[in-house]
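The following comprises the amino acid sequence and a computationally predicted model.
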Amino acid sequence: MDIVLVGHVVVDMIIYPDGSRKRSLGGSVVYGSFTALRHGVRPVIVSIVGSDFPDEYLTFLARNGIDIAYIHRFKGKTTRFRLSYDEYMNRKLYLLSRSPDILIDDLPPVLHKKLVLVGAVAGEVPLETLEYISREASMTALDIQGYLRFKEKDGSIILKSNTLLKEIVKHADVLHAEEYEARIATGLENPAKAAKKLVEMGCGIALVTMGERGSYVAMKRRLIYVPAVKPRKMVDATGCGDVYTTVFTIEYYRRGDIYEAAAMATSASSFLVEKPGLDGFANRSEVRKRAQEVMGDIKEIG
């Protein structure tokens, strides 16, 4: 089983409260790929990187079993973000550079019967490409974040709703939004209502995550609340939404059970926060064991 992950592989510069800096490989497609590997699924990344992209990152991805044949290079700059954290670990995001859009010609020639996850971080998967993916793929999952982000003059990122969003949502069988993103996208403060609204806007299943407060999973005429699995310790929450979305999509695709898929997704996310960066991925058997902690506490809301 393969999963094709479409979006920019990025280079993050992380600035901590004490002023220390760390360069890191990032992007939704990277977190999604490592998650897929732990769940027995072969990831194929479709991306565009610049001539400045470190070769060691490509080697790292390939050596870990990720198909990088569709990571295209161009003579320009890689998508780069600066993540600045204050003493309370609140994050300010800046877009420093951006690679070109990912077009239909950049995709693998055959998407039929493939599972595809679109993890745009800066709107780099345009509507035309997304429409093609949704027509060809067996199931299309989408993270909404990249379609809400807008760059200010100083490079800082703000979230704004927009007219394109209604068309984007329609092409997602599974759609993920973090609580604040769901509020921006729908105009609704209540995350449960926002999840239902996203389904009304056209997606098949809406996932609205709320960190330690759990998540809502909505589909037509159905809404469930999924409590969070309490991690053993909290180190780094980066990539939690990517892990949740990837695991839910894979498990739902395999078995068609939203309870099980949601329990597995929240369990996998709890492992990720226990270690920094790309070190927190657990294998499927570990995730399944911890998922049992919440299976009985999932509630049908309506």
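Perfect, thanks for sending it.

For this structure, which residues score under the pLDDT cut-off?
Counting by pLDDT under 70, the chain shows low-confidence ranges at 235-236.

check contacts around the residue nearest the centre of the chain.
Residue closest to the mean C-alpha point of the chain, counted by C-alpha atoms, centre = their mean, is Asp242 at 3.0 Å. Contacts of Asp242 were listed using C-beta atoms under 8 Å, 6 or more residues apart in numbering, and they are 28, 31-32, 35, 119, 143. From N, CA and C alone the C-beta is placed, and that goes for glycine too.

What of Ile133?
6, 107, 111, 116, 118, 125, 140, 171.

For beta bridges, what are the partners of the nearest residue to Arg149 once chain neighbours are set aside?
Nearest non-adjacent residue to Arg149, counting by C-beta to C-beta, 6 or more residues apart in numbering: Ile157, 5.0 Å away. Listed beta-bridge partners, Ile157: Lys151 (assigned using DSSP bridges).

okay, now Ile157: neighbour count?
18 (other C-beta atoms under 10 Å).

Repeat that for Leu159.
Neighbours of Leu159 using other C-beta under 10 Å come to 17.

what's the answer for Pro17, then?
Pro17 has 12 nearby residues by other C-beta under 10 Å.

And it, its phi and psi?
Pro17 has phi and psi values of phi -60, psi -30 when expressed as degrees, to the nearest 10.

picking that back up, and the contacts of Asp242, which of them are in strands?
Among the contacts of Asp242, the residues falling in strands (DSSP state E) are Asp143.

Save the contacts of Ile133 as JSON lines, and put in neighbour count too.
Formatted as JSON lines, the contacts of Ile133 follow (neighbours: other C-beta atoms under 10 Å):
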{"residue": "Val6", "neighbour count": "30"}
{"residue": "Leu107", "neighbour count": "20"}
{"residue": "Leu111", "neighbour count": "21"}
{"residue": "Val116", "neighbour count": "26"}
{"residue": "Val118", "neighbour count": "31"}
{"residue": "Val125", "neighbour count": "26"}
{"residue": "Thr140", "neighbour count": "26"}
{"residue": "His171", "neighbour count": "21"}
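
Quickly name whichever of the residues you listed is closest to Tyr88.
Val118 (31.9 Å; C-beta to C-beta).

From Tyr216, how far out is the closest one?
21 Å (C-beta to C-beta, to the nearest Å).

do Gln145 as well
With C-beta to C-beta as the criterion, Gln145 and Tyr216 are 17 Å apart.

show me where the stretch 101-250 of the chain has helices.
Secondary structure of the stretch 101-250 of the chain (DSSP state H, counting those that start in this stretch): helices located at 127-136, 164-169, 179-186, 191-200, 240-255.

follow-up on the earlier one: run through the residues that contact the residue nearest to Arg149.
Per C-beta under 8 Å, 6+ apart, neighbours of Ile157: 93-95, 149-151.

Equivalent analysis for Leu198, please.
So Leu198 contacts 169, 175, 177, 182, 185-186, 206, 208, 218 (C-beta under 8 Å, 6+ apart).

at 10 Å what do you get?
Contact partners of Leu198, counting by C-beta atoms under 10 Å, 6 or more residues apart in numbering, are 144, 165, 169, 172, 175-177, 182, 185-186, 188, 205-208, 216, 218.

One more: Tyr94?
13, 15, 80-84, 151-152, 154-157.

Was I right to think Tyr259 contacts Val217?
Yes - contact criterion C-beta atoms under 10 Å: Tyr259 and Val217 qualify, at 8.8 Å.

Specify the beta-bridge partners of Gly50.
Going by DSSP bridges, Gly50 forms beta bridges with Phe74.
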